[in-house]
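> here you go, sequence then predicted model.
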Amino acid sequence: MSTRLFAAVTVFGLTAATLMAQAPPAGPGRGRGPGRGDGASTSPAPKNAEGHPDISGAWNPNAIQFNVDMVKAGIMPPFQPWAEKAYHAAQAKNDPEAHCLPPGIPRMSTTPYPFRIVQTPGLTLIVYEGGAHVWRQIFTDGRPHEKDPNPTWLGDSIGKWDGDTFVIDTVGLNGKAWIDESGLPETDKMHVIERIRRVDMGHLEIEHTVDDPGAYTEPWKFTTHPTQLKGEMLEYICQENNKDVDHISGPAK
């Protein structure tokens with residue numbers, strides 16, 4: 001089991017269901033604990049060719065408290081009655097991520113595993129070490145959202161710059177993921193906006209706005225603070241040693 005995931009379990013009490021999939025051991029000089037971003041540089045953020053802050057690179061999410069339990073982390077989503085009932089009835093063993101399914105958006109930002117941002121003209125990619133080893137395409141070539149996007153775990157994402165902040169607008173989510181391990185539900189009506197700001201060389205700030213009229217009475221927000229990763233991303237295979245492959249259909253109304 002990775003020391004990063006073990007540390008998260010020790011400090012925040014992740015459930016046994018989440019631990020069924022094992023990660024590979026760390027290589028020399030490539031620690032896997034939450035401290036991989038500790039002591040990150042506070043030098044000025046680099047600029048890209050367009051003069052915006054360069055948000056590319058490998059990042060440690062540094063947000064396990066949100067991944068485990070948003071409410072205990074101080075966020076109180078404005079539930080619709082059915083969603084609050086579903087939340088209180090949720091059991092961690094039914095968490096889709098515990099069954100190696102993608103965490104979805106916005107939870108991809110809070111898993112205990114690093115991610116890498118790659119920016120190219122017209123397209124920004126985010127590659128995730130954990131969370132079912134998925135990637136995101138954020139189109140920045142001026143195209144609009146698909147008129148009728150095929151619902152997916154990570155949705156249809158469009159990006160643009162707002163001054164020095166990179167804004168990702170995501171729709172077309174399938175509503176099958178949980179927003180955290182405690183069972184915050186989502187629906188296919190969810191719309192997520194992520195505002196990414198590079199504070200300095202070693203620190204990002206990501207403000208997430210969750211607008212899901214299917215589950216919540218109004219939009220709500222939380223902010224994470226990723227730190228620059230020490231070392232490189234590693235191979236992680238969620239399905240290895242998975243002992244529970246029950247079908248997950250997501251929260252139902």
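Yes, it's here. Numbering: from 1, shown residues only.

> which stretches in the stretch 51-200 of the chain count as helices?
Assigned by DSSP state H, counting those that start in this stretch, the helices in the stretch 51-200 of the chain fall at 64-68, 81-89.

> return the residues in contact with residue 66.
Neighbouring residues of residue 66 by Cβ atoms under 8 Å, 6 or more residues apart in numbering: 73, 75, 110, 180, 222, 224. Placement of C-beta: from N, CA and C, glycine included.

> name the nearest of those relative to residue 203.
The closest of the contacts of residue 66 to residue 203 turns out to be residue 224 (Cβ to Cβ; 10.9 Å).

> so how far is residue 106 from the closest one?
Plainly put, residue 224 is 9 Å away from residue 106 if you go by Cβ to Cβ, to the nearest Å.

> same check on residue 196?
12 Å.

> related to what we said a few turns ago, right, and the helices of the stretch 51-200 of the chain - which one's nearest residue 238?
helix 64-68 (14.6 Å).

> nearest residue to the middle of this structure?
In the chain, the residue lying closest to the centroid (Cα atoms, centre = their mean) is residue 108, at 1.6 Å.

> how much space separates the nearest residue to residue 73 once chain neighbours are set aside from residue 75?
Leaving aside its sequence neighbours, residue 73 sits nearest to residue 65 (Cβ to Cβ, 6 or more residues apart in numbering; 4.3 Å). Going from residue 65 to residue 75 by Cβ to Cβ gives 10 Å.

> try residue 230
Residue 230 sits at a distance of 28 Å from residue 75 (criterion: Cβ to Cβ).

> burial of residue 204, as a residue count?
Neighbouring residues of residue 204 were enumerated by other Cβ atoms under 10 Å; the total is 27.

> can you list contacts of the strand or helix carrying it?
Assigned by DSSP states H and E, residue 204 falls within strand 203-211. Residues from elsewhere that reach strand 203-211 (Cβ under 8 Å, 6+ apart): 40, 42, 55, 59, 77, 106, 109, 179, 186, 190-199, 216, 219-228.

> show me which of those residues are buried.
Buried by 16 or more other Cβ atoms under 10 Å: 40, 55, 59, 77, 106, 109, 179, 186, 190-199, 216, 220, 222, 224, 226-228, out of the contacts of strand 203-211.

> excluding its backbone neighbours, what's nearest residue 151?
With Cβ to Cβ, 6+ apart, the residue lying closest to residue 151 is residue 174, at 3.9 Å.

> what pLDDT does the model give the one you found?
On pLDDT, residue 174 comes in at 97.

> roughly how far apart are it and residue 211?
16 Å.

> okay, the two: which has more neighbours?
residue 174 (18 against 15).

> how near is that one to residue 148?
14 Å.

> ditto for residue 220
Following Cβ to Cβ, the distance that separates residue 220 from residue 148 is 27 Å.

> next one: residue 191
Using Cβ to Cβ, residue 191 is found at 15 Å from residue 148.

> now swap in residue 68 and tell me
Taking Cβ to Cβ, one finds residue 68 at 35 Å from residue 148.

> for residue 90, same thing?
30 Å.

> equivalent analysis for residue 196, please.
Taking Cβ to Cβ, one finds residue 196 at 27 Å from residue 148.

> which ones are touching residue 75?
If a contact means Cβ under 8 Å, 6+ apart, then residue 75 has 66, 220, 222 as its contacts.

> quick one, strands of this protein?
57-60, 115-120, 123-128, 135-139, 156-162, 165-171, 191-200, 203-211, 220-224, 227-228 (DSSP state E).

> what count of nearby residues applies to the closest residue to residue 143 other than its chain neighbours?
Of all residues not flanking residue 143 in the chain, residue 158 sits nearest, at 6.9 Å (Cβ to Cβ, 6+ apart). By other Cβ under 10 Å, the residues close to residue 158 number 18.
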